[in-house]
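Engineer: return atomic coordinates for the entry below.
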Amino acid sequence: MSRRLAALVAATLVAVAGCRAPARPTPAPAPPTTPAPRGLNDAAIARIDALLEAQRVEQHIPGLAFAVVLDDQVVYLKAFGRRDLERDLPATPDTVFPIGSCTKAFTSMAVAISQDRGLLSLDDSPKKYLPYFHMADPVADAQVTLRDMLAHRTGLRAYADLAAEPAVLSREEYVRASTAAEPSAPFRARFQYSNAMYAAVGEILGVVHGTSWERVIETEIFAPLGMRSSATAATATAADRATGYRYVSETRTWTPVPPPRSLGALAPGGSVTSSARDLTRWLRLLTGGGVLDGRRLVSTAGLRALTTPTTPINDSLSYALGWATYDRNGLRVVEHNGGSDGISALVSFIPERRAGFVFLANTSPNFMTKIGNAGTLLWPVILGEPTHTPAPTAPAHGAPAPAPPPPAPSAGDLPTVDALLARMIRAAGGERVLRRHRSIAIHATKTYANHGVIADLTIRGRAPDARSEDEVWTAVGKEIGRVRIYFDGAHGGQETTFGQDARNDPAGNERAHRDFALHPLLELRRLYREIRVDGVDGAGEKQAYVVTLVPADGAPVVLRVSTSTGLVIGRDADGASTRYGDFRAVDGEVVPYAMTIEDALGETEIRVDEVRFNVPMADAVFAPTKVPAGIR
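Structural biologist: The predicted structure follows:
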């Protein structure tokens, strides 16, 4: 699978017709701010105004809303810019925005409330409520608790949500598929952000309350707090609602994008919509120790459990239960962000100072919604401090580690590039055999091990570089979607059954020329500007020459060539590391029947069951099958 599939988890590939708008939309007339009582004077309000407007312009945010609570008082409530560019509608403090993963704090709060009532315990096993719950790691399966699930320490890979992407599975089916996937870390060993575990906790809340997660949040939190504009569905129906946008830097325009369809299955981890005004009531509860307007919603002990650091993320940042925590000037900041295509939000509060703020925007995640960044700018102003504190930084969970530098050459003599290339061609079957093969058809099974998704994979290629890859995804024994990669030798892209179609940009087509060459070993000199033999890596059967291929543009590709066989046994490119094995001769050409890929999707295994050469193929095999309207 190409780079396109790796992007499915990192960002939603929804491509629709671009909406042209001025690069800097005229800000809407700001509504009057709430009168500021103690703690926020006119100068502070003016400073916040200036900071927010500067960030709105710099981060290409069409519209945003911001609120501050101090000592149980709303001391700032204002909106800037446009909630809808097409209709030129201003954002207001009552504009409803999706808040993404800020939803997780509502789910964990519902658990704390339920524990107060004796309906469950944070130390319960999920199996007590979900008999079908099963984890592949036997230790995790036997010991996991709700606390582990809310603290992201179960061993499941971060952002392993592929089963939810097509929006076909029910929430229970998604939980079954994703929680039973192969882990990528030992149980309780490290922080790995898991939407699947929040979906499972949402199902547990529905069980103990005899209803659904949606109803629990609405009746146990929204209603008691008077959050009348808030809802549990990502698709807001309020008249005053924000349209989500993706900024296109090349054209300086915004493209409207709907919330991801996967949020149905992922709802307990990311589907709440709310307004800045509603969220001031949420902040007042949080900064008031669990009490709002004299009514206690959650016990002091329950709220403390939600905000106490539980799982270290890095040296300065930890995760509690539905919240991240960090220290600034001796004060504990409790914060969570939310974001997806067209969605960005941040909720932050300091319990000791009874202070909090909320930032909502109708664009994809930006500087202001990275943990710590908005606080670095705004907490000094809100708290009346003269200096700023550097923001903590969270790792990019789920992203592959950068490729290590090539090893230093060994003491022995390395082969020349020409000698090694000649050996690689001979090992693959020889130039005469390779040139005799003008097309290839491969059938395989592809297992997305960390996602609980299995794909039936068909690959077709034709000289010199036309290619198509068709995947049929299944999870829990059910077909959930189809993905198709195509390249006709000039243009290519991706088609899916779930709204994530895209066309290659020029750089993508250039990569396809290189990556999809039917006989790359015969074309390396033409495809790459420079070829180097940089050293020897590994030992024994895994010892390999390290060969670096440098294209005219783009990142280098690193091949690992077996010193004993001359076969290519590894390839590192574009953030993906692929290892090849189980080599078999088919019509004189040596082909790997086993491949293991490590990339942003985790570990993916491909097992080939059939390879055929010189299969007749029509041009249509490599062409798009859909009308390209609305596709970039």
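
Engineer: what is the least confident helix or strand in the chain?
Structural biologist: helix 3-10 (a mean of 36; mean pLDDT, DSSP states H and E).

Engineer: for the chain, which helix is longest?
Structural biologist: Across the chain, the longest stretch assigned as helix under DSSP state H is helix 42-58.

Engineer: what helices and strands are in contact with it?
Structural biologist: The contact analysis (3 or more CB pairs under 8 Å, 6 or more residues apart in numbering; DSSP states H and E) places helix 42-58 against strand 63-70, strand 73-84, helix 373-383. Bear in mind the C-beta positions are built from the backbone N, C-alpha and C, glycine included.

Engineer: quick one: buried residues of the last one?
Structural biologist: Yep, that's helix 373-383 we're talking about. 373, 374, 375, 377, 378, 379, 380, 381, 382, 383 (16 or more other CB atoms under 10 Å).

Engineer: and the contacts of stretch 281-288?
Structural biologist: Applying CB atoms under 8 Å, 6 or more residues apart in numbering, the contact partners of stretch 281-288 are 67, 69, 72, 74, 225-227, 274, 291-292, 297-298, 303, 334, 347, 349-351, 354-358.

Engineer: buried among those residues? Need that as a selection in ChimeraX.
Structural biologist: Those of the contacts of stretch 281-288 that count as buried under 16+ other CB under 10 Å are selected in ChimeraX with:
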select :67,69,74,225,227,274,292,297,298,303,334,347,349,350,351,354,355,356,357,358
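
Engineer: the contacts of stretch 281-288 in helices, which ones?
Structural biologist: Reading helices off the contacts of stretch 281-288 with DSSP H, I get 225, 303.

Engineer: looks to me like residue 109 is in a helix.
Structural biologist: Yes. According to DSSP: H, G, I helix; E, B strand; the rest coil, residue 109 belongs to a helix.

Engineer: how about it, what does it touch?
Structural biologist: Taking CB under 8 Å, 6+ apart as the test, what residue 109 contacts is 221, 298, 306, 322.

Engineer: so the second one sits against residue 116, correct?
Structural biologist: Yes. Counting by CB atoms under 8 Å, residue 116 is a contact partner of residue 298 at 6.3 Å.

Engineer: what would the helices and strands packed on helix 42-58 look like in CSV with distance to residue 501 and mean pLDDT?
Structural biologist: Below are these laid out as CSV (distance: least, CB to CB, whole Å; pLDDT from 0 to 100):
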stretch, distance to residue 501, mean pLDDT
strand 63-70, 27, 98
strand 73-84, 25, 97
helix 373-383, 33, 96
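
Engineer: dump the ones you listed to a markdown table, plus distance to residue 505.
Structural biologist: Listed next are the helices and strands packed on helix 42-58 as a markdown table, based on distance: least, CB to CB, whole Å:
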| stretch | distance to residue 505 |
| --- | --- |
| strand 63-70 | 28 |
| strand 73-84 | 28 |
| helix 373-383 | 29 |
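
Engineer: does residue 130 sit in a helix, a strand or a coil?
Structural biologist: coil.

Engineer: run a quick neighbour tally on it.
Structural biologist: Using other CB atoms under 10 Å, the number of residues around residue 130 comes to 18.

Engineer: check the gap between it and residue 269 for me.
Structural biologist: In this structure, residue 130 and residue 269 are 16 Å apart, going by CB to CB, to the nearest Å.

Engineer: and the nearest residue to residue 127 once chain neighbours are set aside, what is it in contact with?
Structural biologist: Closest residue to residue 127 apart from its sequence neighbours, by CB to CB, 6 or more residues apart in numbering: residue 133 at 5.2 Å. Contact partners of residue 133, counting by CB under 8 Å, 6+ apart, are 126, 127, 175, 179, 200.

Engineer: in what helix or strand does the most far-flung residue of the chain relative to its centre lie?
Structural biologist: In the chain, the greatest distance from the average C-alpha position (CA atoms, centre = their mean) is reached by residue 432, at 45.2 Å. Taking DSSP states H and E as the definition, one finds residue 432 inside helix 431-436.
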